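A.B. asks: Take a look and give me a structure for this.
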Amino acid sequence: MLLTIDVGNTHTVLGCYDGEELRRMWRVKTDPSQTADELLVSLHGLLGVEGICPEDVHGLSLGSVVPGLNRSWRKVGEELCGWRVLSVDEKTVEGLLDASAYASTPGADRLADAVAARMLYGDPVVVVDMGTATNIEVVGDGGRFLGGVIAPGIRTGAESLAGRTALLPEVELLDPGHAIGVDTVSAMQIGVVYGQVDSIDGLIRRIWEELGCQCPVVATGGFGGLLGELSRTLTCVNPELTLQGLRLIYEARS
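C.D. replies: The predicted model follows:
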């Protein structure tokens, strides 16, 4: 089996693949202070609940935007478990994705999303990954990574609104069901949720116009399901898109 780990700023998503089948996916809080030993104990607990032995795992595909944890997870895989570890970066995606047009280095999560979207849905294709930040990735013809958009995430916006005002509370992020708020909570939910979704729809339409076509749009991330219910431009929701990208990149390099 293959272990895939997507280390984000807020959450870490782990997936265990048996071939192409995702046997189990976990979402845990990211703690940059954790040592390799602490990560190993947590990992053994997750695997043990599913009856998976570390000896059943042959490799680890890692995508991390937290440099310290990247080093710790590599130590877990290579030194403590004896697995082959692949850290996803712009070099490991060569042949799967052409990122040469992008002036800086895309994060591992963005690369994994783009690779999976292209291989599963064809190109051109757009990915919307709704996590701590909302990332939009655009893959053009021939697998050319054209770039995209990085915007504050929906929860980031809500927490900023509540944290920087004296009288506004934290609110649950759900579909308010109407566009005119009858109280403070519903007014905030409309502003945060509909504001984010309509912003994304507007950005997608601008991207389509620039591409010259209406290509597929795939949503993923912690709030991808919410986007799927409310968006007018979305094609499909794939909660495991990033993990699939990590798996596909690992397999291509094996």
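
A.B. asks: what kind of secondary structure is Asp201 in?
C.D. replies: The three-state label given to Asp201 by DSSP: H, G, I helix; E, B strand; the rest coil is helix.

A.B. asks: Identify the spatial nearest neighbour of Ile204, chain neighbours not counted.
C.D. replies: Leaving out its chain neighbours, the residue that sits closest to Ile204 by C-beta to C-beta, 6 or more residues apart in numbering is Thr233, at 4.1 Å. Where C-beta positions appear, they are placed from N, C-alpha and C, glycine not excepted.

A.B. asks: Surely Tyr17 is in a strand?
C.D. replies: Yes. Under three-state DSSP, Tyr17 falls within a strand.

A.B. asks: what about it, distance to Ser61?
C.D. replies: For Tyr17, the distance to Ser61 equals 9 Å [C-beta to C-beta, to the nearest Å].

A.B. asks: Quickly list what's touching both of these two.
C.D. replies: Counting by C-beta atoms under 8 Å, 6 or more residues apart in numbering, the common neighbours of Tyr17 and Ser61 are 2-4, 247.

A.B. asks: got CSV for the residues you listed, with secondary structure too?
C.D. replies: Written out in CSV, the entries for the shared contacts of Tyr17 and Ser61 read as follows (three-state DSSP):
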residue, secondary structure
Leu2, strand
Leu3, strand
Thr4, strand
Arg247, helix
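
A.B. asks: Quick check: of these, which lies closest to Gly82?
C.D. replies: Checking the shared contacts of Tyr17 and Ser61 against Gly82 by C-beta to C-beta gives Leu3 as the nearest, at 12.7 Å.

A.B. asks: partners of that closest one in the sheet?
C.D. replies: When bridges are taken as DSSP bridges, the partners of Leu3 come out as Cys16, Leu60.

A.B. asks: Report the contact partners of it.
C.D. replies: 14-17, 57, 59-61, 77, 83.
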